[in-house]
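Novice: sequence and predicted structure below; questions after.
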Amino acid sequence: MRGKFITLEGLDGAGKSTHLSWLRRFLERRGIRVKVTREPGGTALGERLRELVLKGGKRLHCETETLLVFAARREHLDKVIAPALKAGIWVLCDRFTDATYAYQAGGSGVAWSKVAALERWVQHGTQPDLTLLFDVDPTVGRARSRRKKRPDRFESEQLAFFRRVREAYLRRAEEIPRRMRVINANGDLPQVRRQIEALLSAFYSRVSRHV
Ligand code: TMP
């Protein structure tokens, strides 16, 4: 049986990476094989493109950024995601195309329709089966991510940028409510974990009924 494709999204500092290893264990305890990966990245080329986008020094044009993350995505789908799903492995991906809608369209002003066109072109209909959106107040997220020693290109953005990113994420969640589930990530770790556990348990029992 084809594996399931789960993505994690949210503002910088929303805490999604903290929950990834817990999610992996949740699935592995149920005998599921899991591949953990991330975007931009996940392949040798993807990781190089990530460096260019996040640490490239001079600020790139926002459409260049969009094209680079989709170039990385094309390789990632071809070399990692599609083969894993085909082999029955579940893919847990730290960010995917919803991040392009949020950051490049919402945050930087790239036309929503251009992102949608690239999404169709690159993904050929492949979509996550479940997306967990860690929704955090932009002031909280920004404060958390700025604790890091060297903030990257996005972590250095102003609050207004993160407000636009959050709005775009919520717009996506409203458009695709069945796939994209919003988790209130403002609370402490146990509160957030309880929400993830409830969502994942429901998803797992829904899909395992079809095995
Ligand atoms: P993270 O993987 O450390 O969370 O951060 C990756 C950064 O890349 C994050 O600030 C969001 C940004 N990003 C985009 O701008 N567009 C994208 O399509 C993706 C996948 C990430």
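Specialist: Thanks, I have it.
Novice: flag every buried residue along the lengthiest helix in the chain.
Specialist: In the chain, taking DSSP state H as the definition, the longest helix is helix 189-208. Of the residues in helix 189-208, Val192, Arg193, Gln195, Ile196, Leu200, Phe203, Tyr204 count as buried by neighbour count, 16 or more other CB atoms under 10 Å. C-betas here are computed from N, CA, C, even on glycine.
Novice: ok, now stretch 25-32?
Specialist: Buried positions in stretch 25-32, judged by neighbour count with 16+ other CB under 10 Å: Phe26, Leu27, Ile32.
Novice: still on that earlier bit, show the average pLDDT along the longest helix of the chain.
Specialist: Averaging pLDDT along helix 189-208 yields 94.
Novice: which residues sit against that helix?
Specialist: 4, 15, 18-19, 22-23, 26-27, 30, 129-130, 132, 134, 181, 183-185 (CB atoms under 8 Å, 6 or more residues apart in numbering).
Novice: so which of those residues belong to helices?
Specialist: The helices, defined by DSSP H, take in Thr18, His19, Trp22, Leu23, Phe26, Leu27 from the contacts of helix 189-208.
Novice: now pLDDT and distance to the ligand too, for those residues, in TSV please.
Specialist: Listed next are the ones in helices among the contacts of helix 189-208 as TSV, based on pLDDT from 0 to 100; distance: CB to the nearest ligand atom, whole Å:
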residue	pLDDT	distance to the ligand
Thr18	88	11
His19	91	12
Trp22	92	17
Leu23	95	15
Phe26	95	20
Leu27	96	20
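Novice: report the contact partners of Glu174.
Specialist: Contact criterion CB under 8 Å, 6+ apart gives no residues in contact with Glu174.
Novice: quick one, phi/psi of it?
Specialist: Backbone torsions for Glu174, taken as degrees, to the nearest 10, come to phi -70, psi -40.
Novice: what's the answer for Ala160, then?
Specialist: The phi/psi pair for Ala160 (degrees, to the nearest 10) reads phi -60, psi -40.
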